[in-house]
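Peer 1: One predicted model, sequence on top.
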Amino acid sequence: MSSVPVDDQGTTVEVPDKVRRVVSLVPSLTEAIGVTEPALLVGVTDWCTHPTDLDEVVANPPLRIRGTKNPDIDAIVGLAPDLVVANDEENKPEHIAALREAGIAVYVTDIRSVDGAFASLDGMLAACGLERPAWLEGAEKAWGALGKVPDDDRRTALVPIWRKPWMAVGCDTFTGAVLDRLGVDNALADGGPGAERYPRFDLADLPDHDLVVLPDEPYRFTADDGPEAFEAPSVLVSGRLLTWYGPSLLEAALTLPTVLYGPTS
């Protein structure tokens with residue numbers, strides 16, 4: 001009999017020997033399972049956009065169960081999943097508790113670094129009864145092959161994620177860890193007392209930075225909406241490559257270095 005999985009929060013997760021029905025509450029985890037074994041997914045959030053052909057590659061497309069912050073608990077329970085996969089940051093503790101109280105097994109990931117993503121995805125996929133997929137092996141090798149950026153070549157970036165009000169990536173985030181591995185320091189990553197993970201900021205009172213990284217999610221920055229607000233050069237990037245942990249990790253390792261160190265506007 002296989003060992004009982006333990007999630008990233010240290011919770012023992014009782015799953016059947018053969019997991020056949022999975023609900024994902026996180027777009028990144030949906031993509032990870034969908035690329036590996038799409039037929040497992042019986043429920044996903046409204047924000048789960050990858051794999052883009054998910055509804056076409058399975059006989060019964062997964063039910064949409066609202067968003068990461070407001071999942072339809074009754075609908076999820078009605079799907080009778082063998083396992084629900086969630087994330088410490090993306091999903092609310094009260095929703096995870098409600099599912100567990102309903103007798104549903106929930107596996108919670110907690111991903112704050114690139115290496116942590118590989119370990120967490122290994123555990124989550126194993127809980128689904130899946131072997132380590134080739135995409136995960138390839139992603140780990142691609143990140144391992146990236147050389148260390150010399151200190152003199154490192155950049156310091158502001159990473160806005162919203163406007164009206166302006167908000168940005170702060171301390172202790174997966175996005176910050178991705179950028180750090182690529183030689184980019186986060187201008188708002190000060191981990192002092194009261195530091196926030198996603199602080200508001202004032203355009204007139206910004207710390208020193210030589211780059212502005214503008215993702216297309218959660219706010220969709222474009223060439224005409226974002227760069228004009230800042231004096232420093234800016235680059236537009238895929239938010240999926242900065243914030244998702246899954247098959248996108250391979251694409252991120254291959255493309256982000258050129259985006260971050262190439263021509264800027």
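Peer 2: Yep, that arrived.
Peer 1: residue ranges for the strands of the chain, please.
Peer 2: Using DSSP state E, the strands of the chain run over residues 22-24, 41-44, 63-64, 83-87, 106-109, 155-158, 160-162, 167-168, 184-186, 211-215, 234-237.
Peer 1: Each with direction, which strands does the fourth one pair with?
Peer 2: Applying DSSP bridges, strand 83-87 is found paired with strand 22-24 (parallel), strand 106-109 (parallel).
Peer 1: Mean pLDDT and mean neighbour count added to those strands, as JSON lines?
Peer 2: Any C-beta I mention is one placed from the backbone N, CA and C, and that applies to glycine too. Shown next, in JSON lines, are the strands paired with strand 83-87 (pLDDT from 0 to 100; neighbours: other C-beta atoms under 10 Å):
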{"stretch": "strand 22-24", "mean pLDDT": "98", "mean neighbour count": "30"}
{"stretch": "strand 106-109", "mean pLDDT": "98", "mean neighbour count": "25"}
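Peer 1: Distance to residue 173 for these - can I get that in TSV?
Peer 2: Shown next, in TSV, are the strands paired with strand 83-87 (distance: least, C-beta to C-beta, whole Å):
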stretch	distance to residue 173
strand 22-24	21
strand 106-109	15
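Peer 1: Let me know which of those is the nearest to residue 176.
Peer 2: Distance to residue 176, taken as C-beta to C-beta, is lowest for strand 106-109 among the strands paired with strand 83-87, at 17.5 Å.
Peer 1: give the contact list for residue 197.
Peer 2: 169-173 (C-beta atoms under 8 Å, 6 or more residues apart in numbering).
Peer 1: correction: residue 165
Peer 2: residue 200.
Peer 1: So what's the predicted local confidence for it?
Peer 2: With respect to pLDDT, residue 165 has a value of 96.
Peer 1: got it, and residue 191?
Peer 2: The model's pLDDT for residue 191 equals 62.
Peer 1: separation between residue 32 and residue 123?
Peer 2: 12 Å (C-beta to C-beta, to the nearest Å).
Peer 1: cool, and residue 196?
Peer 2: Following C-beta to C-beta, the distance that separates residue 196 from residue 123 is 28 Å.
Peer 1: Name the residue in those two with the higher neighbour count.
Peer 2: Neighbour count, other C-beta atoms under 10 Å: between residue 196 and residue 123, residue 123 has more, with 17 against 13.
Peer 1: residue contacts, that one?
Peer 2: Here residue 123 is in contact with 5-8, 107, 109 (criterion: C-beta under 8 Å, 6+ apart).
Peer 1: domain ranges for this structure?
Peer 2: The chain resolves into domains spanning 22-132, 148-261 when parsed by automatic domain parsing.
Peer 1: Of those, flag the one that's most buried.
Peer 2: domain 22-132 (a mean of 19; mean count of other C-beta atoms under 10 Å).
Peer 1: what about that domain, distance to the chain center?
Peer 2: 12 Å (C-alpha atoms, centre = their mean, to the nearest Å).
Peer 1: Now the terminal residues of it, how far apart.
Peer 2: Terminal residues of domain 22-132 lie 17 Å apart, using C-alpha to C-alpha, to the nearest Å.
Peer 1: coming back round to it: and the strands paired with strand 83-87: which comes nearest residue 75?
Peer 2: Per C-beta to C-beta, nearest to residue 75 of the strands paired with strand 83-87: strand 22-24, 9.2 Å.
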